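# Provide a 3D model corresponding to the input given below.
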Amino acid sequence: MAWIYLITAGILEVVWAYAMKQSHGFSRLWPTAIMAVTMIGSFGLLALAMRSLPLGTAYTIWTGIGAVGTFIVGIMVLGEAASMPRLIAAGLIVSGLVTMKFASPS
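Numbering: from 1, shown residues only. The predicted model follows:
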């Protein structure tokens, strides 16, 4: 169950990061509200996952899901550049996440 919490927390991190971008510096109400709610949910689920997963594993995977997820949203939704160096960097993050998962005792 901890891994489900962790993956969901990572997905919520992507949502709150996107909502933060859409809030235009917290000047728009609904994106700001979505950001706040999903941020609380993300942190809450991360805390639940950390009950049984090692700190280093949980935090690294949560951050990595957020980083790669927001990178994908940036490309697919916001039209950001998908240059080869950026794609390679995202691939390296994913490979680190996979390695961290298999190295985790839980």
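
# buried set for stretch 45-55?
L45, L46, L48, A49, M50, L53 (16 or more other CB atoms under 10 Å). (Each C-beta comes from the backbone N, C-alpha and C, glycine too.)

# average pLDDT for it?
For stretch 45-55, mean pLDDT is 96.

# wait, what's in contact with the residue nearest the centre of the chain?
Centroid-nearest residue in the chain, with CA atoms, centre = their mean: G66, separated by 1.7 Å. The neighbourhood of G66, defined by CB atoms under 8 Å, 6 or more residues apart in numbering, consists of G10, E13, V14, A17.

# ok, and the closest non-adjacent residue to P54?
Counting by CB to CB, 6 or more residues apart in numbering, P54 lies nearest to S104, which is 6.4 Å off, once chain neighbours are set aside.

# Oops, could you answer that again for G69 instead?
Leaving aside its sequence neighbours, G69 sits nearest to V14 (CB to CB, 6+ apart; 3.5 Å).

# distance of the residue nearest to the centre of the chain from P85?
According to CB to CB, to the nearest Å, G66 stands 20 Å off from P85.

# Same question for E13.
In terms of CB to CB, E13 sits 23 Å off from P85.

# of those two, who's got more company?
Set E13 next to P85 and count neighbours by other CB atoms under 10 Å: E13 wins out with 25 against 8.

# May I have the predicted confidence score for the nearest residue to that one once chain neighbours are set aside?
Excluding the flanking residues, the one nearest E13 by CB to CB, 6+ apart is G66, at 3.5 Å. For G66, the pLDDT comes out at 96.

# For G66, pull up the helix or strand it's in.
In the assignment (DSSP states H and E), G66 maps to helix 55-76.

# Please save the CA atoms from that helix in PDB.
Taking Å, rounded to 0.1, in the frame of the first residue of the first chain, the C-alpha atoms of helix 55-76 are listed here in PDB:
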ATOM      1  CA  LEU A  55      13.200   8.100   3.800                       C
ATOM      2  CA  GLY A  56      15.700   8.200   1.000                       C
ATOM      3  CA  THR A  57      13.700   5.900  -1.200                       C
ATOM      4  CA  ALA A  58      10.300   7.600  -0.600                       C
ATOM      5  CA  TYR A  59      11.600  11.200  -1.000                       C
ATOM      6  CA  THR A  60      13.700  10.400  -4.000                       C
ATOM      7  CA  ILE A  61      10.900   8.600  -5.900                       C
ATOM      8  CA  TRP A  62       8.300  11.300  -4.900                       C
ATOM      9  CA  THR A  63      10.600  14.100  -6.200                       C
ATOM     10  CA  GLY A  64      11.500  12.100  -9.300                       C
ATOM     11  CA  ILE A  65       7.900  11.500 -10.200                       C
ATOM     12  CA  GLY A  66       7.200  15.200  -9.800                       C
ATOM     13  CA  ALA A  67      10.200  16.200 -11.800                       C
ATOM     14  CA  VAL A  68       9.600  13.900 -14.700                       C
ATOM     15  CA  GLY A  69       5.800  14.300 -14.600                       C
ATOM     16  CA  THR A  70       6.100  18.100 -14.700                       C
ATOM     17  CA  PHE A  71       8.600  17.800 -17.500                       C
ATOM     18  CA  ILE A  72       6.100  15.800 -19.500                       C
ATOM     19  CA  VAL A  73       3.300  18.200 -18.800                       C
ATOM     20  CA  GLY A  74       5.500  21.100 -19.800                       C
ATOM     21  CA  ILE A  75       6.100  19.500 -23.200                       C
ATOM     22  CA  MET A  76       2.700  18.100 -23.900                       C
END
